[in-house]
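Student: quick one, what's the 3D model for this:
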Amino acid sequence: MADAKYPPCENCLCTGNTCKLPGETIPYEWPELIGVEIMKAKAIIERSNPSVTGVPLDSGCMTLVDPVCCNRVWLCPDKKGLIKVKPVVG
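Tutor: Residues are numbered from 1 along each chain as shown. Reported below is the predicted structural model:
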């Protein structure tokens with residue numbers, strides 16, 4: 001799954017909730033998705049924060065060498081395809 005298509009990186013200097021602007025209500029972290037099927041988690045993330053794309057990885061959770069990207073959320077599954085690492089922007 002690591003070859004999933006995603007938009008070009010929008011570089012930023014933050015990850016997760018540190019990216020939130022004061023008063024902003026959209027999520028930048030999804031701890032509640034640990035244990036959720038990866039494609040379902042992707043849909044939830046993209047619906048709750050339309051500025052980001054969920055990028056499914058394989059169970060090795062290897063990412064490409066990229067800068068921190070404010071428009072991507074890496075999705076790291078276990079061998080059963082369930083999210084094992086808290087998804088965060090960046």
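Student: ok, then the element right after whichever strand or helix holds residue 40?
Tutor: Residue 40 is located in helix 38-48, with elements delineated by DSSP states H and E. Counting by DSSP H and E, the element after helix 38-48 in chain order, helix or strand, is strand 53-56.
Student: elements contacting that following strand?
Tutor: If you count contacts as 3 or more Cβ pairs under 8 Å, 6 or more residues apart in numbering; DSSP states H and E, strand 53-56 packs onto helix 38-48, strand 72-75. Every C-beta, even on glycine, is put in place using the N, C-alpha and C of the backbone.
Student: rounded mean pLDDT for stretch 62-80, please.
Tutor: Averaging pLDDT along stretch 62-80 yields 84.
Student: touching it from outside, list them.
Tutor: Defining contact as Cβ atoms under 8 Å, 6 or more residues apart in numbering, one finds that stretch 62-80 is touched by 2, 6-7, 9-15, 19, 30, 38, 41-42, 45, 51-59, 61, 83-85, 87-90.
Student: quick check: the most centrally placed residue in the chain vs residue 46, distance?
Tutor: Note on the chain: the residue nearest the mean C-alpha position is residue 73, at 1.8 Å, using Cα atoms, centre = their mean. Note on residue 73: its distance to residue 46, by Cβ to Cβ, to the nearest Å, is 9 Å.
Student: please consider this matter closed, and thank you.
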